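J.: Next one to model:
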Amino acid sequence: MSGAIFPKLHRFREIHFVPFPKQLSTTFEGCPKLSTTNFKKTANFHHSLFFFFEIRCTHIFTSIHQFNQGENLLENPYKPPNFELNEEPNELEYVGFWARVGASLIDTIILLVVIYPILFAIYGKEYFSSEQFLAGFSDFFLSYVFPAIAIIVFWIYKSATPGKMVIRAKIVDARTGNQPSTGQLIGRYFAYYLSLIPFGLGFLWVAWDSKKQGWHDKLAGTVVVRPISRGTEAVKFED
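T.: Prediction:
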(Lines give C-alpha, C1' and ligand atoms only; values in the text may rest on other atoms or scores of the structure.)
Protein backbone atom coordinates (compact mmCIF):
# COMPACT_ATOMS: atom_id res chain seq x y z
CA MET A 1 0.00 0.00 0.00
CA SER A 2 3.00 2.29 -0.35
CA GLY A 3 1.91 5.63 -1.74
CA ALA A 4 -1.77 5.42 -0.63
CA ILE A 5 -3.61 8.69 -0.28
CA PHE A 6 -5.73 9.84 2.65
CA PRO A 7 -8.77 11.53 1.03
CA LYS A 8 -9.94 14.95 2.16
CA LEU A 9 -6.40 15.93 3.12
CA HIS A 10 -4.20 18.24 1.14
CA ARG A 11 -1.00 16.88 2.58
CA PHE A 12 0.22 13.83 0.76
CA ARG A 13 1.08 10.97 3.10
CA GLU A 14 3.27 8.01 2.23
CA ILE A 15 2.32 4.95 4.23
CA HIS A 16 4.74 2.11 4.72
CA PHE A 17 4.21 -1.09 6.68
CA VAL A 18 7.10 -1.91 8.98
CA PRO A 19 7.33 -4.94 11.25
CA PHE A 20 6.48 -4.68 14.94
CA PRO A 21 8.02 -3.43 17.24
CA LYS A 22 9.69 -0.63 15.31
CA GLN A 23 8.75 2.70 16.89
CA LEU A 24 7.61 5.78 15.04
CA SER A 25 10.97 7.46 14.73
CA THR A 26 10.10 10.69 12.97
CA THR A 27 7.38 13.25 13.51
CA PHE A 28 7.10 15.91 10.84
CA GLU A 29 5.55 19.31 11.18
CA GLY A 30 1.78 19.08 10.99
CA CYS A 31 1.62 15.30 11.77
CA PRO A 32 0.74 14.13 15.31
CA LYS A 33 3.07 11.63 16.93
CA LEU A 34 1.33 8.26 16.86
CA SER A 35 1.89 5.66 19.56
CA THR A 36 1.75 1.85 19.51
CA THR A 37 -1.18 1.81 21.91
CA ASN A 38 -3.26 4.05 19.70
CA PHE A 39 -2.67 1.85 16.69
CA LYS A 40 -3.50 -1.30 18.62
CA LYS A 41 -6.80 0.20 19.70
CA THR A 42 -7.77 1.48 16.34
CA ALA A 43 -6.32 -1.04 13.90
CA ASN A 44 -7.92 -4.41 13.40
CA PHE A 45 -4.83 -6.52 12.92
CA HIS A 46 -4.38 -10.28 13.27
CA HIS A 47 -3.70 -11.33 16.89
CA SER A 48 -0.47 -13.11 16.06
CA LEU A 49 1.10 -10.29 14.09
CA PHE A 50 1.09 -6.56 14.47
CA PHE A 51 2.19 -3.96 12.11
CA PHE A 52 2.79 -0.31 12.61
CA PHE A 53 2.31 2.48 10.30
CA GLU A 54 5.14 4.85 9.79
CA ILE A 55 3.57 8.01 8.46
CA ARG A 56 5.66 10.63 6.81
CA CYS A 57 4.24 13.98 5.80
CA THR A 58 5.59 15.62 2.73
CA HIS A 59 5.05 19.20 1.63
CA ILE A 60 3.10 18.37 -1.50
CA PHE A 61 -0.22 20.19 -1.76
CA THR A 62 -2.66 19.02 -4.37
CA SER A 63 -6.35 18.81 -5.13
CA ILE A 64 -7.93 15.49 -4.26
CA HIS A 65 -9.56 15.22 -7.70
CA GLN A 66 -6.15 14.33 -9.15
CA PHE A 67 -6.31 11.05 -7.22
CA ASN A 68 -9.98 10.26 -7.68
CA GLN A 69 -10.27 9.87 -11.45
CA GLY A 70 -11.43 13.41 -11.99
CA GLU A 71 -13.97 13.49 -9.13
CA ASN A 72 -13.56 16.84 -7.43
CA LEU A 73 -14.19 16.05 -3.75
CA LEU A 74 -12.38 19.04 -2.31
CA GLU A 75 -11.41 22.35 -3.84
CA ASN A 76 -7.81 23.43 -3.55
CA PRO A 77 -7.70 26.41 -1.14
CA TYR A 78 -4.39 27.49 -2.62
CA LYS A 79 -5.84 27.94 -6.07
CA PRO A 80 -6.51 31.61 -6.89
CA PRO A 81 -10.18 32.56 -7.31
CA ASN A 82 -11.47 32.08 -10.80
CA PHE A 83 -13.79 34.86 -11.88
CA GLU A 84 -14.20 37.34 -14.68
CA LEU A 85 -14.92 41.03 -14.54
CA ASN A 86 -18.04 41.82 -16.51
CA GLU A 87 -18.22 45.50 -15.80
CA GLU A 88 -19.65 47.49 -18.63
CA PRO A 89 -17.77 50.65 -19.63
CA ASN A 90 -19.39 53.97 -18.83
CA GLU A 91 -21.91 54.98 -21.47
CA LEU A 92 -21.07 58.19 -23.28
CA GLU A 93 -23.03 61.08 -24.73
CA TYR A 94 -22.11 63.69 -27.31
CA VAL A 95 -21.17 67.04 -25.80
CA GLY A 96 -23.46 69.81 -26.95
CA PHE A 97 -22.87 73.35 -28.13
CA TRP A 98 -23.13 75.31 -24.89
CA ALA A 99 -21.00 72.89 -22.88
CA ARG A 100 -18.28 73.21 -25.49
CA VAL A 101 -18.59 77.01 -25.47
CA GLY A 102 -18.03 76.93 -21.70
CA ALA A 103 -14.97 74.71 -22.12
CA SER A 104 -13.58 77.08 -24.78
CA LEU A 105 -14.01 80.07 -22.46
CA ILE A 106 -12.04 78.28 -19.74
CA ASP A 107 -9.24 77.52 -22.20
CA THR A 108 -9.21 81.11 -23.46
CA ILE A 109 -8.94 82.53 -19.94
CA ILE A 110 -6.05 80.18 -19.13
CA LEU A 111 -4.18 81.20 -22.30
CA LEU A 112 -4.72 84.90 -21.65
CA VAL A 113 -3.44 84.58 -18.09
CA VAL A 114 -0.27 82.90 -19.38
CA ILE A 115 0.36 84.96 -22.56
CA TYR A 116 -0.63 88.55 -21.73
CA PRO A 117 1.85 89.09 -18.89
CA ILE A 118 4.67 87.96 -21.22
CA LEU A 119 3.50 90.26 -24.03
CA PHE A 120 3.25 93.12 -21.56
CA ALA A 121 6.79 92.45 -20.38
CA ILE A 122 8.08 92.46 -23.97
CA TYR A 123 6.10 95.28 -25.59
CA GLY A 124 4.77 97.31 -22.67
CA LYS A 125 1.27 98.73 -22.28
CA GLU A 126 1.39 100.20 -25.78
CA TYR A 127 0.86 96.70 -27.13
CA PHE A 128 -2.77 96.68 -26.00
CA SER A 129 -3.58 100.04 -27.62
CA SER A 130 -1.70 99.42 -30.86
CA GLU A 131 -3.63 98.88 -34.08
CA GLN A 132 -0.93 96.69 -35.59
CA PHE A 133 -1.98 93.15 -36.44
CA LEU A 134 1.36 91.79 -35.23
CA ALA A 135 3.81 93.65 -33.06
CA GLY A 136 6.69 91.34 -33.90
CA PHE A 137 7.92 87.76 -33.86
CA SER A 138 7.24 87.31 -30.15
CA ASP A 139 3.67 88.42 -30.68
CA PHE A 140 3.25 85.91 -33.51
CA PHE A 141 4.80 83.08 -31.51
CA LEU A 142 2.85 83.73 -28.31
CA SER A 143 -0.46 84.50 -29.99
CA TYR A 144 -0.49 81.71 -32.62
CA VAL A 145 2.32 79.18 -32.34
CA PHE A 146 2.32 78.62 -28.58
CA PRO A 147 -1.48 78.11 -28.29
CA ALA A 148 -1.41 75.63 -31.20
CA ILE A 149 1.39 73.62 -29.60
CA ALA A 150 -0.22 73.67 -26.14
CA ILE A 151 -3.65 72.62 -27.38
CA ILE A 152 -2.36 69.82 -29.62
CA VAL A 153 -0.13 68.47 -26.83
CA PHE A 154 -3.10 68.38 -24.45
CA TRP A 155 -5.16 66.62 -27.10
CA ILE A 156 -2.47 64.01 -27.66
CA TYR A 157 -1.76 63.23 -24.01
CA LYS A 158 -5.10 63.96 -22.35
CA SER A 159 -7.58 63.80 -25.26
CA ALA A 160 -8.87 67.14 -23.98
CA THR A 161 -7.88 70.69 -23.14
CA PRO A 162 -8.20 71.89 -19.52
CA GLY A 163 -11.63 73.33 -20.30
CA LYS A 164 -12.89 70.01 -21.65
CA MET A 165 -11.36 68.20 -18.68
CA VAL A 166 -13.46 70.39 -16.36
CA ILE A 167 -16.67 69.15 -18.02
CA ARG A 168 -15.26 65.59 -18.28
CA ALA A 169 -15.26 65.71 -22.07
CA LYS A 170 -12.70 64.13 -24.38
CA ILE A 171 -12.01 63.90 -28.08
CA VAL A 172 -12.26 60.41 -29.62
CA ASP A 173 -12.27 58.87 -33.06
CA ALA A 174 -15.79 59.10 -34.47
CA ARG A 175 -15.73 55.56 -35.88
CA THR A 176 -14.02 53.50 -33.17
CA GLY A 177 -14.23 55.59 -30.01
CA ASN A 178 -10.49 55.22 -29.51
CA GLN A 179 -7.98 58.02 -29.13
CA PRO A 180 -7.49 59.82 -32.45
CA SER A 181 -4.13 59.65 -34.18
CA THR A 182 -1.69 62.54 -33.94
CA GLY A 183 -2.38 63.36 -37.58
CA GLN A 184 -6.12 63.59 -36.89
CA LEU A 185 -5.55 65.95 -33.98
CA ILE A 186 -3.17 68.22 -35.88
CA GLY A 187 -5.61 68.34 -38.79
CA ARG A 188 -8.44 69.08 -36.36
CA TYR A 189 -6.65 72.14 -35.03
CA PHE A 190 -6.00 73.67 -38.43
CA ALA A 191 -9.56 72.85 -39.44
CA TYR A 192 -10.58 75.37 -36.77
CA TYR A 193 -9.75 78.11 -39.25
CA LEU A 194 -12.09 76.58 -41.82
CA SER A 195 -14.86 76.45 -39.22
CA LEU A 196 -14.20 80.08 -38.33
CA ILE A 197 -14.07 81.65 -41.79
CA PRO A 198 -17.77 81.69 -42.77
CA PHE A 199 -18.93 83.74 -39.73
CA GLY A 200 -18.13 80.86 -37.37
CA LEU A 201 -20.67 78.63 -39.09
CA GLY A 202 -18.47 75.56 -38.63
CA PHE A 203 -18.60 76.02 -34.83
CA LEU A 204 -22.33 76.80 -34.79
CA TRP A 205 -22.88 73.52 -36.66
CA VAL A 206 -22.40 71.71 -33.34
CA ALA A 207 -25.75 73.06 -32.13
CA TRP A 208 -27.90 71.10 -34.63
CA ASP A 209 -25.68 68.24 -35.77
CA SER A 210 -26.88 64.79 -34.63
CA LYS A 211 -23.41 63.88 -33.35
CA LYS A 212 -22.63 67.41 -32.17
CA GLN A 213 -19.77 67.68 -34.65
CA GLY A 214 -18.38 70.96 -35.88
CA TRP A 215 -16.85 71.15 -39.31
CA HIS A 216 -13.42 70.62 -37.80
CA ASP A 217 -14.71 67.40 -36.20
CA LYS A 218 -16.15 66.14 -39.47
CA LEU A 219 -12.95 66.90 -41.36
CA ALA A 220 -10.80 65.18 -38.74
CA GLY A 221 -13.19 62.28 -38.10
CA THR A 222 -13.61 63.02 -34.39
CA VAL A 223 -16.39 63.54 -31.86
CA VAL A 224 -16.44 65.07 -28.39
CA VAL A 225 -18.01 62.82 -25.74
CA ARG A 226 -18.41 62.54 -21.98
CA PRO A 227 -20.13 60.17 -19.50
CA ILE A 228 -23.92 60.36 -19.64
CA SER A 229 -25.33 62.68 -17.00
CA ARG A 230 -28.87 63.54 -18.11
CA GLY A 231 -30.25 60.30 -19.50
CA THR A 232 -29.58 61.20 -23.13
CA GLU A 233 -29.05 58.61 -25.83
CA ALA A 234 -25.75 56.77 -25.55
CA VAL A 235 -23.07 57.08 -28.20
CA LYS A 236 -22.67 54.04 -30.46
CA PHE A 237 -19.45 53.51 -32.37
CA GLU A 238 -19.03 51.34 -35.45
CA ASP A 239 -16.12 49.25 -34.08
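J.: Quick one: the strands in this protein, in order.
T.: Counting by DSSP state E, the chain has strands at residues 11-19, 51-61, 92-94, 170-173, 222-227.
J.: Neighbours of the closest residue to Gly136 other than its chain neighbours, how many?
T.: Nearest non-adjacent residue to Gly136, counting by Cβ to Cβ, 6 or more residues apart in numbering: Tyr123, 7.5 Å away. For glycine as for every other residue, the C-beta is placed from the backbone atoms N, C-alpha and C. Applying other Cβ atoms under 10 Å, we find 16 residues neighbouring Tyr123.
J.: With Ser195 instead?
T.: Residues lying near Ser195 (other Cβ under 10 Å) number 21.
J.: same question for stretch 200-218, mean pLDDT?
T.: Averaged across stretch 200-218, pLDDT comes to 96.
J.: what's it in contact with?
T.: Here stretch 200-218 makes contact (Cβ atoms under 8 Å, 6 or more residues apart in numbering) with 94-97, 100, 174, 188-189, 191-192, 194-196, 222-224.
J.: repeat for stretch 157-176
T.: 95, 99-100, 102-107, 110, 151, 154-155, 178-181, 184-185, 188, 211, 213, 217, 221-227, 237-239.
J.: and it, which residues are buried?
T.: 159-165, 167, 169-174 (16 or more other Cβ atoms under 10 Å).
J.: Which of these fall within helices?
T.: Residues of those located in helices (DSSP state H): 162-165.
J.: Which of those sits closest to Ile118?
T.: Of all these, Pro162 has the smallest distance to Ile118: 18.5 Å, by Cβ to Cβ.
J.: Lowest mean pLDDT among the helices and strands of the protein, which one is it?
T.: Using mean pLDDT, DSSP states H and E, strand 51-61 stands out as the lowest-scoring helix or strand of the chain, at a mean of 37.
J.: so where's the chain shaky on pLDDT?
T.: 1-90, 230-233, 239 (pLDDT under 70).
J.: need the ones in helices among the buried residues of stretch 157-176 in JSON lines with distance to Tyr144, can you?
T.: Listed next are those as JSON lines, based on distance: Cβ to Cβ, whole Å:
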{"residue": "Pro162", "distance to Tyr144": "19"}
{"residue": "Gly163", "distance to Tyr144": "19"}
{"residue": "Lys164", "distance to Tyr144": "21"}
{"residue": "Met165", "distance to Tyr144": "23"}
